[in-house]
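A.B. asks: show me how the following folds:
(2 chains, ligands or ions: 2)
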Amino acid sequence: MNIVVAMKQIPDLQQIRIRNRKPVLDGVPSALGVIDKNALEAAVLLKEKQGGKVIVLSAGNEEVEETVKEALAAGADEAFLVLDDDLEGADGSTKAMVLAEAINKIEDVGLILFGEGSGDNYSGQVGSRVAELLGMPQAAYASSIEINDSSAVITRSLEDGDEILEVSLPVVVSVLGDINEPRIPSVTQILKAGRKPKEVLELEDLEINLTGLPEIMTVSNLAPETDRKQVKVASVEELLQALRTEGVI
Amino acid sequence: MAGVLVYSANQGLALELITAARKIEDFVVAVSLNDDSLAQALAAAGVRTFKISNPNLVVGDTGAAAAAIKQVLDKENIDTVLLSSDRRGKELAGRLAQAIGAGCLTDVTAIQVDGSKIECQRNALGGATIAVQYIEGPKVMALRPRSYEAAGAGNGSIEELAAEIKDTGIKVIDFKPKAADRVNIEAAEILVAVGQGLSDEEKLADVQALASKLGGEVACSKPVATDKKWLSEERVIGLSGKKCKPQLALLLGISGQVQFTVGIRDARVIAAVNTDENAAINYMADYIIQADLHDVIEELNEKL
Ligand SMILES: Cc1cc2nc3c(=O)[nH]c(=O)nc-3n(C[C@H](O)[C@H](O)[C@H](O)COP(=O)(O)OP(=O)(O)OC[C@H]3O[C@@H](n4cnc5c(N)ncnc54)[C@H](O)[C@@H]3O)c2cc1C
Ligand SMILES: Nc1ncnc2c1ncn2[C@@H]1O[C@H](COP(=O)(O)O)[C@@H](O)[C@H]1O
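C.D. replies: Numbers count the residues shown, from 1 in each chain, chains lettered A, B, ... in the order given. Ligands and ions are numbered 1, 2, ... in the order given. Sure, this is the predicted structure:
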């Protein structure tokens, strides 16, 4: 049984600058989503127990081919990439169709892992959409995953409690950011990553029709105005004084 | 547009959705899945409620929930859906959107109707920006809890609907309720929030003492709740936590990454305590003190 991990390339959010309230993305390096790395680690741990392959799946622009090496170094066996500049900034419905079609081309898939939300958009919809497209059961917000033969036992952490589900395979699961601590690859692993098998497709290689999909239109996307005093105070006494003057204590 | 459908498995959130839906259209219908008391509460809030009862509708089976709601949408010819952006609701949003061929926006904090557009406000780029977006075509929108007041009393109705649901073989083996932490940090006027700079769990008692002296609540950054498990997730400020607007936020040992600051930037006054002179949180603060937070807590507890 193989495990597919869907990982998204995102801009390094700490390096985004704001100019005139607009985000400046030029020159900001790309990385794989933080929680997607937890999904990869979960996959690698399961594989180490029961065999099979871990295949990282990503849809994005050409840069992904480089970015994905990080995942190959951290334990993925193969990469399956759909690369097309049109996929940059594509919305959930487009991406889900692309990912689902790619999964259809991968053999013997028992488990498909997602992050609970992508690092930049954090909408938590792509995994659910893929499950619907593939007609598979799903379990989101997993804090633990166990595989026994043909079924999985998944603990999902909800606001009011932990729900434990038994689901037959194949299943789509999204993981929480605290499900594990992703490993840091060694230098040798990083060097070997470039030689691991990669299947690279373009959008036109997939038999899907992306016309007529609903569209998300953006009216504006601005940083809120921040106007903080940024006054350095030298002592706790001074801090108390300032807070009293503000009338907040 | 021919009406709006609202659904949440959580009764309180479902009532909030009714208020939001009425901003869009007068004609609002609601759904309850295997839940009599939810159906009654929805009808008592004045909406036409479809009650679906089916043994194959297991709680936790998101695919089945989406299939059931889709049947109501088809029958009533509705293509606008409001869900709650709690975890169950967010999970359902993508699945239902895919099932009905809709666009989907989750974690929506406010909606504004502009002609035929329903403009949704949500955080983007990890919280660095606020995007205003709308969906062209069928739409599923999931609203953050407590973005709208719960709907008041009205005169609704309940209709039973037989829906066809496949048995997908999902079984709920167990549900372990979380120890209830009924704190509502969003309502607090004063928040004392701790981050990973706090050295150990025992020190929380001093933090709590300080919060009590100030008449506020203890809150935290995400890793303090999810990695260290020192506080409940109810107390997390930020993108995946709560959006707060206290009069005063005292931030202790928090670095100020964007996913955190998005939850506190509406505070009136922010004071930050950090050993790192260049911590990002300092750019978000009104008062900055470069010091060990443990010393600051001790001194504050003495002086207050
Ligand atoms: C999709 C996504 C969603 C997220 N959602 C959230 C969210 O909702 N809320 C959230 O908080 N995070 C969230 N995060 C995580 C976020 O990116 C940061 O990792 C997190 O906020 C860091 O927490 P921290 O500031 O407590 O810890 P750190 O970044 O480790 O910072 C600790 C700080 O303490 C200071 N310090 C250390 N010792 C002392 C001392 N003795 N005295 C004073 N200062 C000291 C250090 O200088 C440092 O600045 C999310 C991440 C992702 C990817
Ligand atoms: N372009 C993409 N390629 C691969 N996986 C993706 C892509 N976009 C989203 N995902 C996966 O879907 C999850 C949820 O994304 P989102 O719905 O954007 O929050 C992410 O954590 C990834 O696992």
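A.B. asks: ok, the helix or strand bottoming out on mean pLDDT in chain A: who's next to it in the sheet?
C.D. replies: Least confident helix or strand, chain A: strand A:17-19 with a mean of 90, by mean pLDDT, DSSP states H and E. Looking at strand A:17-19 with DSSP bridges, its partner strands are strand A:22-24 (antiparallel).
A.B. asks: hmm, who's touching the strand it pairs with?
C.D. replies: A:Ile16, A:Arg17, A:Ile18, A:Asn221, A:Leu222, A:Ala223, B:Leu125, B:Ala128, B:Thr129 (CB atoms under 8 Å, 6 or more residues apart in numbering or on different chains). Where C-beta positions appear, they are placed from N, C-alpha and C, glycine not excepted.
A.B. asks: how many neighbours does the residue lying closest to B:Phe27 once chain neighbours are set aside have?
C.D. replies: Using CB to CB, 6 or more residues apart in numbering or on different chains and skipping the chain neighbours, the partner closest in space to B:Phe27 is B:Gly3 (3.9 Å). Look at B:Gly3: counted by other CB atoms under 10 Å in any protein chain shown, it has 18 neighbours.
A.B. asks: ok, B:Gly3 touching B:Arg22?
C.D. replies: No: using CB atoms under 8 Å, B:Gly3 is not in contact with B:Arg22, being 11.2 Å away.
A.B. asks: and the least confident helix or strand of chain A, how far out from the chain's middle?
C.D. replies: How far strand A:17-19 lies from its chain's middle: 24 Å, per CA atoms, centre = their mean, to the nearest Å.
A.B. asks: buried residues in it?
C.D. replies: Using 16 or more other CB atoms under 10 Å in any protein chain shown as the test for burial, strand A:17-19 gives no buried residues.
A.B. asks: enumerate the residues of chain A near ligand 2.
C.D. replies: Within chain A, the residues that sit near ligand 2 (CB under 6 Å from any ligand atom) are A:6-8, A:33, A:35-36, A:39, A:57-60, A:92, A:95, A:99, A:114-115, A:117-118, A:121-127.
A.B. asks: which of the residues you listed fall in strands?
C.D. replies: Judged by DSSP state E, strands contain the following of these: A:Ala6, A:Leu57, A:Ser58, A:Ala59, A:Gly60, A:Phe114, A:Gly115.
A.B. asks: returning to that earlier point: I'd like to know which of the contacts of strand A:22-24 are buried.
C.D. replies: Counted by 16+ other CB under 10 Å, these give A:Ile16, A:Asn221, A:Leu222, A:Ala223, B:Leu125, B:Ala128, B:Thr129 as buried.
A.B. asks: which two of these have the greatest separation?
C.D. replies: A:Ile16 and A:Leu222 (12.9 Å; CB to CB).
A.B. asks: on that earlier part again, phi and psi next, for the residue nearest to B:Phe27.
C.D. replies: phi 100, psi 170 (degrees, to the nearest 10).
A.B. asks: so what's B:Leu125 up against?
C.D. replies: So B:Leu125 contacts A:Pro11, A:Leu13, A:Ile16, A:Pro23, A:Asp120, A:Asn221, B:Val258 (CB under 8 Å, 6+ apart).
A.B. asks: what's the burial count for the second one?
C.D. replies: Pointing back at A:Leu13 there. Around A:Leu13 there are 19 other residues, counting by other CB under 10 Å.
A.B. asks: ok, back up a step: shared neighbours of B:Gly3 and B:Arg22, anything?
C.D. replies: In contact with both B:Gly3 and B:Arg22: B:Val28, using CB under 8 Å, 6+ apart.
A.B. asks: which other helices and strands does the helix or strand containing A:Ala152 contact?
C.D. replies: For A:Ala152, the host element (DSSP states H and E) is strand A:151-158. If contacts are counted by 3 or more CB pairs under 8 Å, 6 or more residues apart in numbering or on different chains; DSSP states H and E, strand A:151-158 sits against strand A:138-148, strand A:161-168, strand A:171-175, helix B:87-100.
A.B. asks: which SS state does the residue in the stretch 101-250 of chain B positioned nearest to ligand 2 fall under?
C.D. replies: Closest residue of the stretch 101-250 of chain B to ligand 2, CB to the nearest ligand atom: B:Thr106 (8.0 Å). What DSSP: H, G, I helix; E, B strand; the rest coil gives for B:Thr106 is strand.
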